[in-house]
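A.B. asks: model the structure of this input:
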Amino acid sequence: MIKITLPDGSIREYEKGVKVLDVTKDISEGLARVALGAVVNEDVKGMQESIEEDSTFRVVKFEDAEGKKIFWHTSAHIMALAVQRLYPGVKFAIGPAIDNGFYYDFDTEHRFTPEDLEKIEAEMAKIVKEGYILKRYEMPKEESLNYFKEKDEVYKVDLIENLPPEDIISFYELGEFTDLCRGPHLLDTKKVKAIKLLSIAGAYWRGDEKNKMLQRIYGITFEKKKELDEYIERLEEARKRDHRKLGRELGLFSIHEEGPGFPFFHPKGMVLRNILENFWKDEHTKRGYGEIKTPLILNEALWHQSGHWDHYKENMYFTKIDEGDYAIKPMNCPGSILVYKSQMFSYRDFPQRLGELGLVHRHELSGALHGLMRVRSFTQDDAHIYCLPEQIKGELKGVIDLADYIYNVFGFKYRVELSTRPENSMGTEEQWNLATDSLREVLEDKGIDFIINEGDGAFYGPKIDFHLEDAIGRTWQCGTIQLDFQMPERFDLTYIDSDNEKKRPVMIHRTILGSMERFMGILIEHYAGKFPVWLAPIQVSILPISDKFNEYAYELMREFKDKGIRVEVDTRAEKIGFKIREAQLQRLPYMLIVGEKEVEGRLVSVRKRDDGDLGQMGVESFIDKINEENQNKVQ
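C.D. replies: Next up is the predicted model:
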């Protein structure tokens, strides 16, 4: 017999090998009808899978992240079966669940079109109605290889050949489609009620541009049509907010084929960027950070010493200087370390907080580039804190407080993840346990809910990640805090302790915004280009009714500029209605209409972007209003 511990702490006993479905039914028949699987000892299992040992047990539904992954993973297999039926001879690569749906990569001579997606959707709906049960079975590695070689499934063969020889390979059978797959999956297809295939893209096999380009189809599914309709509505809203479109329309930035992945910022974009950078600098100065700037290019030997060469060289750019090998930095931390090493510190000098808005370069595949969200050069709002072991928790709490303050200024809610040791990590298990426990304890002390993201830490240490939720419910990973015992060791960082002995400091890596470029892209979409007054590149547009009021308009502009207000004047020979519409298209916060009455009374007629006509106001009163919104960073 094995013991199953439920979330309420109660324990039930079952025969070894009991199915997840049977445990769920034993808890409640009603629960079994809505359950998609369960988390068993932190491992997500489908309803058809067995439990072989004492376990914790938590049922998951569609509203749970684990439930969605099960649902969408099965949907990828349904799509693969539909493609197999419609396009004989297709070869199958991989088909995972992702954060918003699923995809499958196919190798076929047929070029998929949007019309094909409709046919595949219809075939998927037919498969769902056929109500197949997903059958799981296992084979030894050699037998698995022979099975897929006979079917000429070259990508499955490649996957299996890279598995350890002792591995037992699991498969899932869905109708006439059998896939190499760890799972988990739905028990059957009947729960998939609403299907939408979203797009077609190219994808290199294993993400390597030296390999063959495959065709990737993205899709999403839901338990109810209403949920799909709401998702499509959100997608449409996201298209309207696309930062690439708005960046072009609002004159913020552009991307050119002469520099793919290297954004060009225009004057208005630089205003927004400078506001963000100055805000960042001010808040860090208040909290005791010193600002540094380190070189863009450093000797290749430094990147060997830091470990980035072993873990990151495929993403780095290189050059030669005086016949020596150099690299363009993909990270700021080694430069910060050299600043630290330039002098000797006493224990009394800690903590040392060094902040840097550091430009870094990382090679991304051309197909992955996406506006400001995925680029090849970007400025990280980095800081590195060097502290004593007993200062770790206090410094971590300080970073969390700073992140919380900054995200609230922009109106973001957020969730937190704790990422643990990855496979390719440096350092000892003891160091990793100490670092991970420190991060966990700080989050618990702060009363912050968090989820564990197993194996997703940096190669030198575990990390806390902040995922921001924007105005339409999408999440963006921005801030990160990493606790590092490895770099101080590799670079022989020391300080003189109270006993006059040399000791190693602890290093905390952290960003709040993540990167200036990506955060600007997120803000453009979060606000749909309607920036609050304090962030708007142009805060006020003055619109004279006719040419004879231009002099007054320019007089106001000079006065506003003297008060630090960002202002423009529209003196085009157009009707006032046209000028107002143009200002609204530019999403400007305020429009000031000036005519005869305004000139006579030293007034302005105020229109607010979303509120319309606010009536007349004295010039000084309007200046005070703008300054108050600037100072308080009103959303």
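
A.B. asks: please make it C-alpha for all contacts and neighbour counts, starting now.
C.D. replies: Fine.

A.B. asks: residue ranges in the stretch 1-150 of the chain under the pLDDT threshold?
C.D. replies: Within the stretch 1-150 of the chain, not a single segment meets pLDDT under 70.

A.B. asks: ditto for the chain
C.D. replies: Using pLDDT under 70, the chain drops low at 166.

A.B. asks: biggest helix in it by residues?
C.D. replies: Longest helix in the chain by number of residues, with DSSP state H as the criterion: helix 65-86.

A.B. asks: what's that helix packed up against?
C.D. replies: strand 37-40, strand 97-98, strand 101-107, helix 114-130, strand 168-174, strand 177-180, strand 213-222 (3 or more Cα pairs under 8 Å, 6 or more residues apart in numbering; DSSP states H and E).

A.B. asks: ok, which stretches of the stretch 201-350 of the chain are helices?
C.D. replies: Under the criterion DSSP state H, counting those that start in this stretch, helices of the stretch 201-350 of the chain are mapped to 225-240, 243-249, 267-286, 300-306, 308-312, 333-341.

A.B. asks: run the chain-centre distance for the third one.
C.D. replies: In terms of Cα atoms, centre = their mean, to the nearest Å, the gap separating the centre of helix 267-286 from the centre of its chain is 22 Å.

A.B. asks: just give the nearest non-adjacent residue to residue 563, would you?
C.D. replies: Leaving aside its chain neighbours, residue 563 sits nearest to residue 623 (7.8 Å; criterion: Cα to Cα, 6 or more residues apart in numbering).

A.B. asks: what of residue 246?
C.D. replies: With Cα to Cα, 6+ apart, the residue lying closest to residue 246 is residue 529, at 6.5 Å.

A.B. asks: hang on, the earlier thing: tabulate the helices and strands packed on helix 65-86 (TSV), appending mean neighbour count and distance to residue 436.
C.D. replies: Below are the helices and strands packed on helix 65-86 laid out as TSV (neighbours: other Cα atoms under 10 Å; distance: least, Cα to Cα, whole Å):
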stretch	mean neighbour count	distance to residue 436
strand 37-40	24	22
strand 97-98	18	26
strand 101-107	24	31
helix 114-130	16	44
strand 168-174	18	32
strand 177-180	18	34
strand 213-222	22	35
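
A.B. asks: of those, which is nearest residue 443?
C.D. replies: Proximity to residue 443 (Cα to Cα) singles out strand 37-40 among these, at 23.1 Å.

A.B. asks: ok, the closest one: who's next to it in the sheet?
C.D. replies: strand 43-46 (antiparallel), strand 55-60 (antiparallel) (DSSP bridges).

A.B. asks: only the buried residues of the first one, if you could.
C.D. replies: If I follow you right, that is strand 43-46. By neighbour count, with 16 or more other Cα atoms under 10 Å as the criterion, the buried positions of strand 43-46 are 44-46.

A.B. asks: for that strand, C-alpha coordinates in PDB please.
C.D. replies: Only the C-alpha atoms of strand 43-46 are listed here, as PDB (Å, rounded to 0.1, in the frame of the first residue of the first chain):
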ATOM      1  CA  ASP A  43       5.500  16.100 -10.800                       C
ATOM      2  CA  VAL A  44       2.600  16.800 -13.100                       C
ATOM      3  CA  LYS A  45       0.700  13.600 -14.200                       C
ATOM      4  CA  GLY A  46      -2.200  12.900 -16.500                       C
END
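
A.B. asks: contact partners of that strand?
C.D. replies: By Cα atoms under 8 Å, 6 or more residues apart in numbering, the residues outside strand 43-46 that reach it are 20, 36-39, 66, 70, 183-187.

A.B. asks: circling back to that earlier point, export the strands paired with strand 37-40 to TSV and tack on distance to residue 277?
C.D. replies: Formatted as TSV, the strands paired with strand 37-40 follow (distance: least, Cα to Cα, whole Å):
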stretch	distance to residue 277
strand 43-46	42
strand 55-60	43
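
A.B. asks: list the buried residues of the longest helix of the chain.
C.D. replies: The neighbour-count check on helix 65-86 (16+ other Cα under 10 Å) flags 66-84 as buried.

A.B. asks: do the same with stretch 315-330
C.D. replies: Buried residues in stretch 315-330 (16+ other Cα under 10 Å): 316, 326-330.

A.B. asks: farthest pair within those residues?
C.D. replies: Between any two of these (Cα to Cα), the greatest distance is 12.2 Å, for 326 and 330.

A.B. asks: surely the residue nearest to residue 563 and residue 562 touch.
C.D. replies: No - Residue 623 is not in contact with residue 562 according to Cα atoms under 8 Å; the separation is 10.8 Å.

A.B. asks: identify the residues contacting the longest helix of the chain?
C.D. replies: 36-37, 39, 44, 46, 60-62, 90, 92, 95-99, 101-104, 120-121, 123-124, 127-128, 174-177, 179, 183-186, 189, 192, 219-221.

A.B. asks: can you report how many residues lie near residue 291?
C.D. replies: Residue 291 sits with 14 neighbouring residues when counted by other Cα atoms under 10 Å.

A.B. asks: for it, which non-adjacent residue is spatially closest?
C.D. replies: residue 355 (4.7 Å).

A.B. asks: residue 260 and residue 233: what is the separation?
C.D. replies: 31 Å (Cα to Cα, to the nearest Å).

A.B. asks: who has more neighbours out of these two?
C.D. replies: Neighbour comparison, residue 260 and residue 233: the larger count goes to residue 260, with 15 against 12 (by other Cα under 10 Å).
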